[in-house]
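Undergrad: Just the structure for this:
(one chain, ligands or ions: 1)
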Amino acid sequence: MAFTPENRARADEIVARYPVAKSATLPLLHLAQDQDGWVSRVCSFYTMFKREPVGQLVVSVCTNVSCLVNGGPELLRALEDRHLDDDDVSVEEVECIAACDLAPVMQVNYDYHGPVDVEAAATIIDEYKSRVRTPRTISGTRVDAGVAR
Ligand code: FES
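TA: Down below sits the predicted model:
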């Protein structure tokens with residue numbers, strides 16, 4: 001993996017923030033993930049790093065208790081089916097994401113949406129795909145923060 005020239009400059013800015021370069025490991029991994037869609041090896045302990053390539057939109061659907069009783073599993077299955085062959089969208093199941101009052105809730109690149117039914121969720125995802133909504137990066141960084149894939 002090699003950074004693009006733009007991301008190399010961004011990496012240098014990140015490293016310069018820390019008194020010891022290795023302290024920049026996590027933000028550099030996020031930068032690498034936002035560029036290439038995933039990272040490998042050093043990240044198995046941290047669920048926000050994807051160990052296999054993902055689409056530019058990561059849809060995280062909660063199926064924990066509040067979402068479970070409000071249709072979270074059905075929402076997950078419907079979105080998994082809808083995006084089965086969609087390279088741009090990766091659907092994943094997540095544990096409680098601390099938005100139980102929005103159940104059933106999903107995140108798209110770490111932005112919360114809820115409560116949503118299948119139709120509302122599909123509309124939201126399509127709005128991100130068509131850039132009616134501006135998605136964060138797959139690491140949750142706002143694009144206007146200067147890091148984009
Ligand atoms: S149970 Fe789904 S956000 Fe808490």
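Undergrad: Which secondary structure elements does the lowest-mean-pLDDT helix or strand in the chain sit against?
TA: Least confident helix or strand, the chain: helix 25-36 with a mean of 91, by mean pLDDT, DSSP states H and E. Using 3 or more CB pairs under 8 Å, 6 or more residues apart in numbering; DSSP states H and E, the elements in contact with helix 25-36 are helix 5-16. Placement of C-beta: from N, CA and C, glycine included.
Undergrad: Of all the residues in the helix it packs on, which ones are buried?
TA: Using 16 or more other CB atoms under 10 Å as the test for burial, helix 5-16 gives 7, 10-11, 14-15.
Undergrad: Which two among those are spaced furthest apart?
TA: Asn7 and Val15 (12.3 Å; CB to CB).
Undergrad: sorry, back to before: hey, what's the angle from the least confident helix or strand of the chain to helix 5-16? Just curious.
TA: 170 degrees (axes from the mean of the first three to the mean of the last three CA atoms, to 10 degrees).
Undergrad: Alpha carbons only: can I get the following helix or strand past helix 25-36 in CSV?
TA: Using DSSP states H and E, the next helix or strand after helix 25-36 towards the C-terminus is strand 57-62. Extracted in CSV, the C-alpha atoms of strand 57-62 (Å, rounded to 0.1, in the frame of the first residue of the first chain):
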residue,chain,number,x,y,z
LEU,A,57,-20.9,3.2,1.9
VAL,A,58,-20.8,1.0,5.0
VAL,A,59,-24.3,0.4,6.3
SER,A,60,-24.3,-0.7,9.9
VAL,A,61,-27.6,-2.1,11.2
CYS,A,62,-28.1,-2.7,14.9
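Undergrad: residues making contact with strand 57-62?
TA: Contacting residues not belonging to strand 57-62 are listed as 50, 67, 72, 75-76, 79, 83, 88-97, 99, 103-110, 121, 125, 128-129, 135, 138 [CB atoms under 8 Å, 6 or more residues apart in numbering].
Undergrad: Please repeat the previous calculation with a cut-off of 7 Å.
TA: The list of residues contacting strand 57-62 from outside it, by CB atoms under 7 Å, 6 or more residues apart in numbering, reads 72, 75-76, 79, 88-94, 96-97, 104-109, 125, 128-129, 135, 138.
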